[in-house]
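Enquirer: coords please:
(chains A and B)
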Amino acid sequence: MVVDPLPLQTFAELFPNGVSRYAVGGLLVGLGAGIIYLGTGISAGASTFLESTLSYVSDRSRFRRYVGSRDWRLVFTFGIVLGAAIYAATLGDAWTYTTDVQVWRLFGGGILVGIGTRIGKGCTSGHGVCGVGSASRTSLVGVATFLLVAIGVAQVVAAMGVSP
Amino acid sequence: MAAANRHPAFMPLILVGGLIFGFGLAYSHMARPEVVLDFLQFEDFGLVFVMFGGAAVTGLTYLVAPRLFDRAPLTGDSFERRLKSFDRNVLVGGAIFGAGWGLSGICPGAAYASLGVGNVTILWALAGMFVGAYLQGYWRSRDSARDAAVAGTRGDD
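Expert: This next block holds a predicted model:
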């Protein structure tokens, strides 16, 4: 039996699916945000869309502030959906995937994501990609906070036997 | 910037940027909550490459853009980095977001992409996100209205 050298074994344990899909995907995410910034000076985040879209149906002052940007945020989000659909149609699995994560986790987690990203001034794209790219100390602290709490919660939920 | 005097290429550029962004999210498998949960449970560390791969490209763009143009060509706005003020909200909101992300394995951008790859079940997460965003907006609009009333003439920020 041929045994892989230790560094290769460790690598395979840390990255059972390799790294190229993640690295290439990440570079594309950065490229998408980058060309928008290059053309417009806008640092595009994904979670503001939630509030800006609510301004179409609610007069609350908190949402009114996004009236000026709500149309392009709708287009940006539509682009994300369409881009992912193009992936599914070409390199992906032609829309056969659906998640097995339980509905209560998706809905309950979604509520917390909606509250937290808007109070915390950003999500994984605003803080994680654009903010970290800006070397913003606020974003680095934000990312560290949500990453640590997410790891803790996911581990506790898994330890309680919930899967997936 | 008023919608009426936008550059004609503004919306097309936003759309193309969104397309690449969404394609990348799907390509990286971030549109699958299972993959994110695997990361959070230390079973596959690939997500690190997505976030920092993305941040490396935007970081380069933040560096290069002001050297290429005086102002953003399509808006005339100056190039600024994404800097937000730090306060308690960043910690409180970050912790609430983290709890939701750890519970569901999905974040806003990845949820839109997940819908694109045909995962209709993710509508539960999207519905939750809208409910959450509405709740915090409801509370905070009420708080700022009350603060404004206390302060007399001061309006909402």
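Enquirer: confidence score at residue 77?
Expert: You didn't pick a chain, so chain A it is. pLDDT for A:Thr77: 98.
Enquirer: Let me rephrase: I mean chain B.
Expert: As predicted, B:Asp77 sits at a pLDDT of 95.
Enquirer: how about it, secondary structure?
Expert: At B:Asp77, secondary structure determined by DSSP: H, G, I helix; E, B strand; the rest coil is coil.
Enquirer: any idea how far it is from chain A?
Expert: 4 Å (CB to the nearest CB, to the nearest Å). (Each C-beta comes from the backbone N, C-alpha and C, glycine too.)
Enquirer: Now do the contacts for residue 92.
Expert: Went with chain A since none was named. Neighbour list for A:Gly92: B:26, B:117 [criterion: CB atoms under 8 Å, 6 or more residues apart in numbering or on different chains].
Enquirer: hmm, I had chain B in mind actually
Expert: B:Val92 neighbours (CB under 8 Å, 6+ apart): A:119-120.
Enquirer: What of A:Arg70?
Expert: Contacts of A:Arg70 (CB under 8 Å, 6+ apart): A:52-53, A:55-56.
Enquirer: Closest to B:Gly100 out of the residues you listed?
Expert: A:Thr53 (18.5 Å; CB to CB).
Enquirer: Need the pLDDT of the closest one.
Expert: 97.
Enquirer: Next: B:Arg146.
Expert: On pLDDT, B:Arg146 comes in at 77.
Enquirer: A:Pro7 too?
Expert: Looking at A:Pro7, the pLDDT reads 79.
Enquirer: Which secondary structure element is home to A:Gly142?
Expert: Using DSSP states H and E, A:Gly142 sits in helix A:137-159.
Enquirer: which residues touch the residue nearest to the spatial centre of chain A?
Expert: Closest residue to the average C-alpha location of chain A: A:Thr124 at 4.6 Å, with CA atoms, centre = their mean. Taking CB under 8 Å, 6+ apart, we find A:Thr124 in contact with A:46, A:146, B:51, B:101, B:107-110.
Enquirer: just for chain B, where's the confidence low?
Expert: Scanning chain B with the threshold set as pLDDT under 70 gives B:1-4, B:150-157.
Enquirer: now chain A
Expert: Scanning chain A with the threshold set as pLDDT under 70 gives A:1-3.
Enquirer: And what about B:Ala111, helix, strand or coil?
Expert: Classified using three-state DSSP, B:Ala111 is helix.
Enquirer: Please tell me I have it right and it contacts B:Ala125.
Expert: Yes - with contacts counted by CB atoms under 8 Å, B:Ala111 reaches B:Ala125, the gap being 5.2 Å.
Enquirer: Quick check: neighbours shared by those two?
Expert: With CB under 8 Å, 6+ apart, B:Ala111 and B:Ala125 have common neighbours A:Gly110.
Enquirer: Which stretches in chain A count as helices?
Expert: A:6-14, A:20-40, A:48-54, A:61-64, A:70-89, A:103-119, A:132-133, A:137-159 (DSSP state H).
Enquirer: Excluding sequence neighbours, find me the nearest residue to A:Ala12.
Expert: Leaving aside its sequence neighbours, A:Ala12 sits nearest to A:Asp4 (CB to CB, 6 or more residues apart in numbering or on different chains; 7.2 Å).
Enquirer: number of nearby residues for the one you found?
Expert: Neighbourhood size, A:Asp4 [other CB atoms under 10 Å in any protein chain shown]: 10.
Enquirer: Selecting buried members of the contacts of A:Arg70 in ChimeraX, what would you type?
Expert: To isolate the buried ones among those in ChimeraX, judged by 16 or more other CB atoms under 10 Å in any protein chain shown, type:
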select /A:52,53,55
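Enquirer: between the contacts of A:Arg70, which is nearest chain B?
Expert: A:Thr53 (7.7 Å; CB to the nearest CB).
Enquirer: From what I see, the closest one and A:Leu74 are in contact.
Expert: Yes - between A:Thr53 and A:Leu74 there is a contact under CB under 8 Å: 6.6 Å.
Enquirer: Now do the shared contacts for those two.
Expert: By CB under 8 Å, 6+ apart, no residue touches both A:Thr53 and A:Leu74.
Enquirer: quick one: secondary structure of B:Leu83?
Expert: At B:Leu83 the chain is in coil, as set by three-state DSSP.
Enquirer: OK, contacts around the residue nearest to it when sequence neighbours are not counted?
Expert: Nearest in space to B:Leu83, with sequence neighbours left out and distances taken as CB to CB, 6+ apart, is A:Ser136 at 4.8 Å. Residues near A:Ser136 by CB under 8 Å, 6+ apart: A:127, B:81-84.
Enquirer: Scan those residues and report the most crowded one.
Expert: A:His127 (34 neighbours).
Enquirer: Please list all residues in contact with that one.
Expert: A:His127 neighbours (CB under 8 Å, 6+ apart): A:45, A:120-121, A:136, A:138-139, A:142-143, A:146, B:94.
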